[in-house]
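**Q** quick one, fold the following:
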Amino acid sequence: MKKLLILFVIFYTSLTFASPAIDIDTTESQKSQIDQSMQQKQSTDKKESKGDKESDTKTTGQDNMSQSQWKLEQQANKSNGVEISVGMDALFVNYIAELEKSDVLPFSYCKLYTKPKVPEDFGFTAMKKQGNGTATIDTIRASMLEQAAKSNASVDSMSSNSNENVKVYRDCMAYYGAVIGQSILTLNNELPKIAKVNEDKKKNEKVIQDIGLEDLKILAQGSINKTLKSGVNSQFIKNYYDKVISGEQNCRFNGSVQSINCGITTMEISSKPNLEVGGVQYFGSFGSNSFFAGLSGNYRISASFSYSNAVDQLESVSKYSKFAKDVQTYKEELLSKGYAKEAVSLTKKAYDWAASNKTSIRVDKGFMDSFK
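**A** As a prediction, the model looks like this:
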């Protein structure tokens, strides 16, 4: 069956908000939309000139001093040894939030991170807004909401069309859980190819050496892009996602207006939404941990040094300024095509070249293609 990511708007009578029907596979049109969004995020320092790009690295005394200072700073950062434990959510949330601000569906619609919905958005409120901008509490409706929540009444009993609207929001959570879950699997598969990775099972941590935090963020961004372009291939993730979107049961309150059951799914509608599917924590924060398609854990990694930051700082060294900009340009091109591992490999090689005082460095299309 051809992979699909169908996004369309259905309008209901007395519509509260529009609803996209979401699938976790990807059509050619959606790939194009994703490509356009990622290309917009590329560096604004791209070269206007065509053809090969070459850095002029003639040495001056001032350049050597600047380069020497750069090398000393990077060596100090490397030996610093400051490590940080980063949760899976912290790696992916910022990039997903950027997609929510773009025109990439369904992120621009769902906005689970930048504008999460609360019960009031579904009509589960006793507040009445007045013409002068103030609000009052309808005590009778407040009592009705409390009773409906405690008795696990149908959500439609308190707000028309809320059953469909709640399901749409539930499907958003399921989509995020599936996409981020698949991206975590992709990231974990790519890491050993570029870094040394050890497991600390007691802490549920992956201990990563040879790259830094900013490099890891690039790999995480790349894994998201790859999932959006290629779809979800984990059968476990697909199976639970299908259980969510195929559920036809009506949604009911689960003891409060924030907690709602729809068949085998239970969701929390709040500033930190979450979704549980048949006992699997599928999306969001549960206690102190975040889960995506049942996956949770942390990455322990250097916070004091990364190849990406080191090469970015090369722009302040006049001898390597153009070279550093060329590397940045190609890194962004690799990322836009989903080659995150290759982008980090590029910065590692660029760092080694600059640190070893190379005097002629060529960055061209053939060089970039060698990383694919």
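
**Q** tally of neighbours for the residue nearest to S256 when sequence neighbours are not counted?
**A** Counting by Cβ to Cβ, 6 or more residues apart in numbering, S256 lies nearest to A149, which is 5.0 Å off, once chain neighbours are set aside. In this view, the C-beta of every residue, glycine as well, is placed from N, C-alpha and C. Counted with other Cβ atoms under 10 Å, the neighbours of A149 add up to 22.

**Q** go ahead and confirm A149 touches R252.
**A** No: A149 lies out of contact with R252 (Cβ atoms under 8 Å); the separation is 9.6 Å.

**Q** surely the residue nearest to S256 forms part of a helix?
**A** Yes: A149 forms part of a helix when assessed by DSSP: H, G, I helix; E, B strand; the rest coil.

**Q** enumerate every residue touching it.
**A** 253-257 (Cβ atoms under 8 Å, 6 or more residues apart in numbering).

**Q** also Q221?
**A** Contacts of Q221 (Cβ under 8 Å, 6+ apart): 95, 335, 340.

**Q** what distance do you get for S356 to I84?
**A** Distance of S356 to I84, given as Cβ to Cβ, to the nearest Å: 29 Å.

**Q** what do you get for Y299?
**A** For Y299, the distance to I84 - Cβ to Cβ - is 9 Å.

**Q** related to what we said a few turns ago, quick one: which of S356 and I84 has more around it?
**A** I84 (14 against 8).

**Q** next one, pLDDT for that one please.
**A** As summarised for this prediction, I84 has a pLDDT of 87.

**Q** returning to what we had before: so which of the contacts of Q221 are in helices?
**A** Assigned to helices by DSSP state H, the following of the contacts of Q221 qualify: 95, 335, 340.

**Q** and the closest residue to K196 other than its chain neighbours, which of the three is it?
**A** Once flanking residues are discounted, K196 sits nearest to Q209: 4.3 Å by Cβ to Cβ, 6+ apart. Per three-state DSSP, the secondary structure class of Q209 is strand.

**Q** let's see stretch 112-119 as PDB, backbone CA atoms only.
**A** Provided in PDB are the C-alpha atoms of stretch 112-119 (Å, rounded to 0.1, in the frame of the first residue of the first chain):
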ATOM      1  CA  LEU A 112       1.300  20.400  21.200                       C
ATOM      2  CA  TYR A 113       4.500  22.200  22.300                       C
ATOM      3  CA  THR A 114       3.900  25.900  21.400                       C
ATOM      4  CA  LYS A 115       0.200  26.100  22.100                       C
ATOM      5  CA  PRO A 116      -1.200  23.000  23.900                       C
ATOM      6  CA  LYS A 117      -5.000  23.000  24.300                       C
ATOM      7  CA  VAL A 118      -6.600  23.000  27.700                       C
ATOM      8  CA  PRO A 119     -10.200  21.900  28.700                       C
END
